[in-house]
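1. sequence and predicted structure, then a few things I'm wondering about:
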Amino acid sequence: MQHLIMHRTARKPADAWVRELLATLHARGVKSAMVIGPPFQMRRMALLFDMVFADGGVELTYRSPPPEAGEISSRAWWTRREGVLAVQNEYLSLVMWVLKYRLGILREHVVKGDRSP
């Protein structure tokens, strides 16, 4: 069994990084991969990976590690202010993702914060 661990940095847009990951997996002949990420971001991550990996020949599995002591739990997020903010921010990010990738409404410069035409 072959193991490949890749970590995304914020320097590159997520969709570009996932496309590079797919190319790397193809080059290595990988047929299945596990995507590991924070529980609050997993829905958005799965949407992006499924979009890029559609018909890509790589089967994906998604997992989130359990929260460590002091971290926000996805099962009791409403009990702490930080949890409520995390869920609120993730839903806003999910709406932005749908507008950008699914509907193509947002242009790249608007997403990056540049308001010039």
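-> Great, that's in hand.
2. and the residue nearest the centre of the chain, what element?
-> What sits nearest the mean C-alpha location of the chain, by C-alpha atoms, centre = their mean, is residue 45, with 2.4 Å. If you go by DSSP states H and E, residue 45 is part of helix 42-53.
3. tell me what that helix is packed against?
-> helix 14-27, strand 32-36, strand 59-63, helix 81-97 (3 or more C-beta pairs under 8 Å, 6 or more residues apart in numbering; DSSP states H and E). Where C-beta positions appear, they are placed from N, C-alpha and C, glycine not excepted.
4. now that helix: how far from the chain's centre is it?
-> 6 Å (C-alpha atoms, centre = their mean, to the nearest Å).
5. which stretches of this protein have low pLDDT?
-> 1-4, 7, 9-10, 106-117 (pLDDT under 70).
6. related to what we said a few turns ago, out of the helices and strands packed on helix 42-53, the one nearest residue 74 is which?
-> helix 81-97 (8.6 Å; C-beta to C-beta).
7. dihedrals phi and psi, residue 68?
-> The phi and psi values for residue 68, taken as degrees, to the nearest 10, are phi -90, psi 170.
8. ok, now which ones touch the nearest residue to residue 83 once chain neighbours are set aside?
-> Closest residue in space to residue 83, ignoring its immediate chain neighbours: residue 77 at 3.3 Å, by C-beta to C-beta, 6 or more residues apart in numbering. Taking C-beta atoms under 8 Å, 6 or more residues apart in numbering, we find residue 77 in contact with 40, 83, 84, 86, 87.
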